[in-house]
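K.L.:
Sequence and computational prediction follow.
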Amino acid sequence: MTDVICCQLKDIFYPQFVYRMNKDHELFGKIIVMITQSGSDRNYINYLKNHLPINAQVVENYRHDSPDWRDAAVKEALYETRGRNVLFLEQDFLVEDGFFKELLNYKDLWGTIGFKQGNRFHPACLLVKQSAIAQTRKDFSVDPDVGDHFYKFTQDLEKLNDWADFTNFKLPKW
C-alpha cells in the first residue's frame, strides 16, 4: 500500500486537494496531512478534518524538532507511515481522473518516481519506496543558496540510481 504525506498551511484551503483525496482515497493506505505554519488568523483545520476521507489523519502537533518547518513536519509524518511506498504531495498539484491510479502502476519498478525541477525531484508529486527513504539522510530542509525543500533528500535518492521521471510515462494530465 502507498501512504500520502502532505504539508498543509493551516490558513490556506485547497478544495481541489480535498476533492482529489476523497475521489482517490481507496488507492492509499493513510493520507497524512501535516499542519504547518500560518501567515494569518484563518484556520481551516476543522474543515479539513471534517471533509477529508476516513483514511486521512490531520496532525497539528508533532514531536519532531527541526529549525526547518517542512523538515520537522515530514520527519514526523514518516513515523505515521505504514505503507511500502510514500507519495509526497502538495495541495496545488492538480491531476485528472486516473492519474494516481496509473502512477501507482509503476510503484514496484523504481525506488523513486517523480519529476525534476532544477536540481531536485519536486515534492509536489514524488513517489518513493520506504526502502529507498531508509537509505537517505531524511533531510527535507532547505539548503540556502543551493536547493529548496527536498533538495538534499532527492540528491540522496538520485545517488541510489533507481529512479524514473514520470513525465516520460503515459499518464493522465497533471
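P.N.:
Cool, the structure landed. Residues are numbered from 1 along each chain as shown.
K.L.:
end to end, how far does stretch 96-107 reach?
P.N.:
Chord length of stretch 96-107, first to last residue, is 19 Å (Cα to Cα, to the nearest Å).
K.L.:
Of all the residues in that stretch, which ones are buried?
P.N.:
For stretch 96-107, the neighbour count (16 or more other Cβ atoms under 10 Å) marks F99, F100, L103, L104, K107 as buried. Every residue, glycine included, has its C-beta placed from N, CA and C.
K.L.:
Okay, strands next: where are they in the protein?
P.N.:
Applying DSSP state E to the chain gives strands spanning 2-9, 28-36, 56-59, 85-89, 112-114, 116-117, 120-121, 125-129, 163-165.
K.L.:
The ones you listed into TSV, with extra columns for mean neighbour count?
P.N.:
Formatted as TSV, the strands of the chain follow (neighbours: other Cβ atoms under 10 Å):
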stretch	mean neighbour count
strand 2-9	22
strand 28-36	21
strand 56-59	18
strand 85-89	24
strand 112-114	25
strand 116-117	13
strand 120-121	24
strand 125-129	24
strand 163-165	16
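K.L.:
Of these, which is nearest Q135?
P.N.:
Nearest to Q135 among the strands of the chain is strand 125-129 (9.6 Å), distances taken as Cβ to Cβ.
K.L.:
Just give me how far stretch 148-167 sits from the chain centre.
P.N.:
14 Å (Cα atoms, centre = their mean, to the nearest Å).
K.L.:
What pLDDT is listed against the residue lying closest to A164 once chain neighbours are set aside?
P.N.:
In this structure, A164 finds its nearest non-sequential neighbour in W110, 4.5 Å apart by Cβ to Cβ, 6 or more residues apart in numbering. For W110, the pLDDT comes out at 96.
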